[in-house]
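Colleague: The following comprises the amino acid sequence and a computationally predicted model.
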Amino acid sequence: MDKQRTVLVDKQYFLPFVLLTSLFFLWGFAHAILDVLNKHFQEMLDISKTHSALIQAMMYMGYFVMAIPAGLFINRFGYRSGVVFGLLLYGIGSLLFIPGQYFVSFNAFLFALFVIGCGLTFLETAANPYVTELGAKETAASRLNFAQSFNGLGCICAPLLVGWFLFSETKEHPNSVAFPYACMGILVLFVASIFLRVKLPEIRHEAEVDKEGHRVGLWSHRLFIFGLIALFAYEVAEISINSFFINYVVEQRWMDARYASLVLSFGGLGLFMLGRFSGSWIMQRVSAERMLFWCATGTVLTTTVVLFDLGIVSLIALLCGYAFEAIMFPTIFALSLKGLGIHTKRASSFLMMSPVGGVVGPLLMGVVADHTDSMVWAFVVPWVAYVVVWFYARKMLSQRITLSK
């Protein structure tokens, strides 16, 4: 074992931790709905996979556009203001699906998703680094993994509830895509009203200086830069796989889209949630660097099996990949912020630009799938991305081993 078990959350931060953890469920739900919308719009609007990938592209473009402004906003007004403003944008974007449904406009839906993406950027830029600060530095990755586990719970609920609702429709009698978003928007605005009445303690950092007393800049931290690249690669892999999971299962003729959404929910995303809960528990005893290395190895191997197109074995491997990738985002995020001190909020905003991988990954997978007429070959995109994460994990583990000697 690399370390003894320590307390996950300091007592004085327990209530803020509980409140913030609820937010992880909300944005997990928002992300997972996209995977259902992708296939839904292909069927109802008769569009290509590349065209439907704009659903992910527009939402995750919101992360890229708003990440730096979110960091500046949170730096000036604090974590709570960032959370409230993010919830407001999230709620407004959800309610914009109502006029989108009325005009039956794909572009209107895309704009609404962009607004939601901007809101989620504020939420995640505030909540992710804040959670890492609510206890000992040694358990930062474990604490963030535990909170992110509820993100996984939201990911399960979205395909289950929304997927079953939408895929039970017909072209003659379509169900309203605005209905689940309207419900979500009302809930999110209610949560925003709660956070307006709750105080979150701000955590201050001292400026970092070198041996000569000069202030150390953010971009002098090379491992932070490597972490930023690895997080982008992870987002490429995770979001692209989620986007086309239903397509992959349906095209392999194992089941229809409605049952594929259930497999995604209970199978893939269920293992994803369990992976985060168990990962959080394991990382209270084993170093985050070692855990990340072995999980990265697992994702590379399982995606390789998918590329070999071994029938049901490949599907099982793909589902197992969800368990291996589960700890990647919070672990890379926490490791990338380690030792950044006063730069933490700004660094978090740069890390939250990484979901732009949700623009790149699905589009690349869509292009490969459309040009090869096979979803199997499209999995080369997440395979390459997982290899990048593997190299980052190997670097972090070797550094930890070196420092421990």
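Modeller: Received the coordinates, thanks. The structure presented is a predicted model; accordingly, all values stated were derived computationally and were not measured.
Colleague: Pull the residues that contact stretch 91-102.
Modeller: For stretch 91-102, the external contacting residues (CB atoms under 8 Å, 6 or more residues apart in numbering) are 108-109, 111-119, 176-178, 181-182, 184-186, 188-189, 192. Bear in mind the C-beta positions are built from the backbone N, C-alpha and C, glycine included.
Colleague: Return the subset of those lying in helices.
Modeller: 108-109, 111-119, 178, 181-182, 184-186, 188-189, 192 (DSSP state H).
Colleague: out of those, which are buried?
Modeller: Buried members of the ones in helices among the contacts of stretch 91-102, counted by 16 or more other CB atoms under 10 Å: 108-109, 112-119, 178, 181-182, 184-185, 188-189, 192.
Colleague: A strand includes residue 8, no?
Modeller: No. Assigned with DSSP: H, G, I helix; E, B strand; the rest coil, residue 8 falls outside any strand and is coil.
Colleague: That one - how many residues pack around it?
Modeller: If you count neighbours by other CB atoms under 10 Å, residue 8 ends up with 19.
Colleague: One more: the one 3 residues further on?
Modeller: The local packing count at residue 11 equals 8, with neighbours defined by other CB under 10 Å.
Colleague: Would you quantify the distance from it to residue 132?
Modeller: Distance from residue 11 to residue 132, counting by CB to CB, to the nearest Å: 17 Å.
Colleague: Tell me the pLDDT of the closest residue to residue 218 other than its chain neighbours.
Modeller: In space, and not counting its chain neighbours, residue 218 is closest to residue 343: 4.3 Å by CB to CB, 6 or more residues apart in numbering. The model reports residue 343 with a pLDDT of 76.
Colleague: I'd say residue 343 and residue 129 touch.
Modeller: No. Counting by CB atoms under 8 Å, residue 343 sits too far from residue 129 to count as a contact (10.5 Å).
Colleague: The two - which one has more neighbours?
Modeller: residue 129 (27 against 21).
Colleague: so which strand or helix has that one?
Modeller: helix 106-132 (DSSP states H and E).
Colleague: how distant is that helix from the center of its chain?
Modeller: Relative to the centre of its chain, helix 106-132 is centred 11 Å away, using CA atoms, centre = their mean, to the nearest Å.
Colleague: Quick check: mean pLDDT of it?
Modeller: 87.
Colleague: now for that helix, which elements pack on it?
Modeller: The elements that helix 106-132 packs onto, with contact taken as 3 or more CB pairs under 8 Å, 6 or more residues apart in numbering; DSSP states H and E, are helix 14-45, helix 54-77, helix 79-95, helix 97-103, helix 140-158, helix 328-337, helix 344-351.
Colleague: Let me have the ones you listed in TSV, extended by mean neighbour count.
Modeller: TSV is the format used below for the helices and strands packed on helix 106-132 (neighbours: other CB atoms under 10 Å):
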stretch	mean neighbour count
helix 14-45	21
helix 54-77	21
helix 79-95	23
helix 97-103	16
helix 140-158	25
helix 328-337	27
helix 344-351	23
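Colleague: right, so of these, which gets closest to residue 259?
Modeller: helix 14-45 (12.2 Å; CB to CB).
Colleague: Under a three-state scheme, what state does the nearest residue to residue 255 once chain neighbours are set aside occupy?
Modeller: If the residues on either side of it in the chain are set aside, residue 255 comes closest to residue 249, at 6.2 Å by CB to CB, 6+ apart. Under the three-state scheme (three-state DSSP), residue 249 adopts helix.
Colleague: Was I right to think residue 249 contacts residue 258?
Modeller: No. Look at residue 249 against residue 258 with CB under 8 Å: they stay out of range, at 11.1 Å.
Colleague: dump the residue contacts of the residue nearest to residue 235 when sequence neighbours are not counted.
Modeller: In space, and not counting its chain neighbours, residue 235 is closest to residue 357: 3.1 Å by CB to CB, 6+ apart. Contact partners of residue 357, counting by CB under 8 Å, 6+ apart, are 60, 232-237, 239, 385.
Colleague: ok, those vs residue 317, which is closest?
Modeller: Residue 317 lies nearest to residue 237 out of the contacts of residue 357, by CB to CB, at 14.2 Å.
Colleague: In a helix, that closest one, correct?
Modeller: Yes. Read with three-state DSSP, residue 237 is one of the residues of a helix.
Colleague: what residue ranges in the stretch 51-200 of the chain are flagged as low confidence?
Modeller: 104, 159, 163-176 (pLDDT under 70).
Colleague: rerun at 50
Modeller: 173 (pLDDT under 50).
Colleague: just the stretch 201-350 of the chain next, same as before
Modeller: For the stretch 201-350 of the chain (pLDDT under 50), the answer is 208-214.
Colleague: same thing but at 80, please
Modeller: Scanning the stretch 201-350 of the chain for pLDDT under 80 picks out 201-221, 256-258, 260-262, 265-266, 269, 339-346.
Colleague: residue boundaries of the helices in it?
Modeller: Secondary structure of the stretch 201-350 of the chain by DSSP state H, counting those that start in this stretch: the helices cover 222-251, 257-262, 269-282, 288-307, 312-325, 328-337, 344-351.
Colleague: Deepest in the core, which of those helices is it.
Modeller: Sort those by mean neighbour count, taking mean count of other CB atoms under 10 Å, and helix 328-337 sits at the top with a mean of 27.
Colleague: Could you export that one as CSV, keeping only the C-alpha atoms?
Modeller: Provided in CSV are the C-alpha atoms of helix 328-337 (Å, rounded to 0.1, in the frame of the first residue of the first chain):
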residue,chain,number,x,y,z
MET,A,328,-9.7,9.5,-14.9
PHE,A,329,-11.2,13.0,-15.0
PRO,A,330,-11.2,13.7,-11.2
THR,A,331,-7.8,12.1,-10.7
ILE,A,332,-6.1,13.9,-13.6
PHE,A,333,-7.8,17.1,-12.4
ALA,A,334,-6.6,16.8,-8.8
LEU,A,335,-3.1,15.8,-9.8
SER,A,336,-2.8,18.7,-12.2
LEU,A,337,-3.8,21.2,-9.5
